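Undergrad: Predicted coordinates and the sequence they were generated for:
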Amino acid sequence: MAGYLGFGDQSGSKQSADRTWLADAQKHGARFLTHCRATRVLTEGGRAAGVEAVWQPPEGDGATVTVRAPRVVVACGSLESPALLARSGLGGPATGRYLRLHPSSVVGALYGTDQKAWWGAPQAGLCDEFADAGEGYGFLIETAQYAPGLIGSATPWISATDHKQRMEQFRYTGTFIGLTRDRGHGGVGVDANGEAVPTYAVSDEVDRDNLRGGIEVQIRLHEAAGAHQIQPLASSASTWRRGEDLAAFIESVKRIPFRAGGHKLFSAHQMGTCRMGTDPETSVADPLGELHDVKGVWIGDGSAFPTSSGTNPMVSIMALARRTAVAIADDAGAAAAAQTAPTKTGAVSTEAAQPA
């Protein structure tokens, strides 16, 4: 079973949130609402007052749910967190701006043996030699698990015959990915129904240079590893075969644009859109994660990133979430202390603060 960890871990070996953080929270009294979608953060008097949501089980009728709370943590991810704030009229002018995606390129190559890319650790190799190609921006070269469903949807469509042939050969295909730390950014808006609408274009020249650099490094790695053929994921790309001019092939691939009809790019890391900072014009939350424009609403996910991390952001997200949780606890403690402080007559209030 451990060989399939990249596609759903039933063993618990990856120590995912359902086995760790959520289990710990449940042990300490937390309750969870499944099949529930937050529609609006409620505020009263410039402070958080709760959340309104829609509960829709797979079978049966749904219902509107209102949770009253003096503190709300927004952690819907960098695509949905800004949409929730926008539907709520919160966050200020920077809400949805500065979307970073770590745009990633892929170069595959045919080898003489079955690569068994579906087996083993989801990510077993990483090269950070080019992590800083200038100005603190660059790219990583990584390996990743993949299976027929993912490859079938990602392979550029040229014809039915070509697609079938590529799928038949994919067991012999090894891939690298070039993960780019993006300096440029996109954004997330909402449509007439309040649904998130992300937009992103690779328009920053530093990002373009780093994407091209990542593709070149992947090609050279495949050639050095003994690949028989090399094929970038771009419908207009030619195929390099051993014995042909590698430098000319690289130059032809680098001329392919990063847009529709060009290189296929991927993202597994969405960051920004509710970023932290000191200026309410360019950030949504203060450096500890609390919204500038309303107290008691905190950002608890990767949308708080001021810039892209440049590497897989899981550990950074957990570290920021813990840091923000400590700040929320301190805020709750201060509120409780204020409520129990002696009054002017020396009496002590017995009204308990509501839990975070």
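TA: In hand now; what should we look at?

Undergrad: Please name the residues that touch the spatially closest residue to Leu101 that is not a sequence neighbour.
TA: Nearest residue to Leu101 in three dimensions, chain neighbours excluded: Ser267, at 3.9 Å (C-beta to C-beta, 6 or more residues apart in numbering). No exception for glycine: its C-beta is placed from N, CA and C like everyone else's. Counting by C-beta atoms under 8 Å, 6 or more residues apart in numbering, Ser267 makes contact with Leu101, His102, Pro103, Ser104.

Undergrad: Glu290 now?
TA: Glu290 neighbours (C-beta under 8 Å, 6+ apart): Gly296, Val297, Trp298, Ile299, Ala327, Asp331.

Undergrad: Recalculate using a threshold of 7 Å.
TA: Neighbouring residues of Glu290 by C-beta atoms under 7 Å, 6 or more residues apart in numbering: Val297, Trp298.

Undergrad: which stretches of the chain form helices?
TA: Taking DSSP state H to define them, one finds helices in the chain at 21-27, 81-88, 148-154, 160-169, 205-224, 246-254, 314-340.

Undergrad: deepest of these, which one?
TA: helix 81-88 (a mean of 25; mean count of other C-beta atoms under 10 Å).

Undergrad: Ser16 reaches Asp9, doesn't it?
TA: Yes: under the criterion of C-beta atoms under 7 Å, Ser16 makes contact with Asp9 at 6.2 Å.

Undergrad: Any stretches of the stretch 51-200 of the chain with poor pLDDT?
TA: Applying pLDDT under 70 to the stretch 51-200 of the chain flags no residue at all.

Undergrad: go on, the stretch 251-356 of the chain?
TA: Scanning the stretch 251-356 of the chain for pLDDT under 70 picks out 343-356.

Undergrad: now the strands: where do they sit in it?
TA: Ranges of strands in the stretch 251-356 of the chain, per DSSP state E, counting those that start in this stretch, are 297-299.

Undergrad: contacting residues around Ala227?
TA: Ala109, Leu110, Tyr111.

Undergrad: quick one, strands of the stretch 101-250 of the chain?
TA: 104-110, 126-127, 139-142, 173-180, 186-190, 196-199, 229-232, 240-241.

Undergrad: packing partners for the third one?
TA: Read that as strand 139-142. strand 126-127, strand 173-180, helix 205-224 (3 or more C-beta pairs under 7 Å, 6 or more residues apart in numbering; DSSP states H and E).

Undergrad: Check the second one too.
TA: Where contact means 3+ C-beta pairs under 7 Å, 6+ apart, strand 126-127 is packed against strand 139-142.

Undergrad: neighbouring strands for the strand it packs on, and are they parallel or not?
TA: Using DSSP bridges, the strands paired with strand 139-142 in its sheet are strand 126-127 (antiparallel), strand 173-180 (antiparallel).

Undergrad: Extract the CA atoms of it and return them as PDB.
TA: Extracted in PDB, the C-alpha atoms of strand 139-142 (Å, rounded to 0.1, in the frame of the first residue of the first chain):
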ATOM      1  CA  PHE A 139      13.900  27.300  -9.700                       C
ATOM      2  CA  LEU A 140      14.200  23.900  -8.200                       C
ATOM      3  CA  ILE A 141      14.500  20.600 -10.100                       C
ATOM      4  CA  GLU A 142      12.300  18.000  -8.600                       C
END
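
Undergrad: Show me how far that strand is from its chain's centre.
TA: 16 Å (C-alpha atoms, centre = their mean, to the nearest Å).

Undergrad: Other residues contacting that strand?
TA: 123, 125-128, 130-131, 176-181, 210, 213-214, 217-218, 221, 311.

Undergrad: again, only this time at 8 Å
TA: So strand 139-142 is contacted by 123, 125-131, 133, 176-181, 210-211, 213-214, 217-218, 221, 310-311 (C-beta under 8 Å, 6+ apart).

Undergrad: If any of the residues you listed are buried, give me the PyMOL selection for them.
TA: To isolate the buried members of these in PyMOL, using 16 or more other C-beta atoms under 10 Å:
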select buried, resi 130+131+133+176+177+178+179+180+181+210+211+213+214+217+218+221+310+311
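
Undergrad: rewinding a little: between Ser16 and Asp9, who's got more neighbours?
TA: Asp9 (17 against 13; other C-beta atoms under 10 Å).

Undergrad: can you give me phi and psi for that one?
TA: With angles defined as degrees, to the nearest 10, Asp9 sits at phi -100, psi 100.

Undergrad: And the pLDDT for it?
TA: Listed pLDDT for Asp9 reads 75.
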